[in-house]
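Engineer: A structural model of the following input is requested.
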Amino acid sequence: QVQLVESGGGWVQPGGSLRLSCVASGFTFTNYAIKWYRQGPGKEREWVARITDTGGWTNYAESVKGRFSISRDNAKNTVYLQMTSLKPEDTAVYYCHAHWALTYRAYWGQGTQVTVSS
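Structural biologist: I've put the predicted structure just below:
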């Protein structure tokens, strides 16, 4: 059974930090690039960050560049999103997405809520 399970969300004050995790199972994790997306209240889902299957290349949306960092541990089938200097506009449900370009297979997690407020 294919699963992507996000965790680590919660409430944090502006300027704070959180680390999200996404644990994969049921597929060959090392074949897949991973992206984080988010969807804020009343907004469309937007891409936040991505990392290649080997972890050798990363890319970020302009809105989070310099504040967020994506990484992966292929031995643990896990991807992380380290979020620092959080702002109220970072409030959203954060989703993990796995994509294998060779086969176009893709999977979504169920999301984890991040709330930034004072």
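Engineer: what bridges to the spatially most central residue of the chain?
Structural biologist: For the chain, the residue sitting closest to the mean C-alpha position, by CA atoms, centre = their mean, is residue 36 at 3.0 Å. In this entry, residue 36 is beta-bridged to residue 49, residue 96, by DSSP bridges.
Engineer: ok, it to residue 1 distance?
Structural biologist: Residue 36 sits 22 Å away from residue 1, taking CB to CB, to the nearest Å as the criterion. For the C-beta atoms, the positions are set from N, CA and C on the backbone; glycine is no exception.
Engineer: hmm, back to that, quick one: residues contacting the residue nearest to the centre of the chain.
Structural biologist: 20, 22, 47-50, 70, 79, 81, 94-97 (CB atoms under 8 Å, 6 or more residues apart in numbering).
Engineer: buried residues in stretch 9-18?
Structural biologist: 9, 12, 18 (16 or more other CB atoms under 10 Å).
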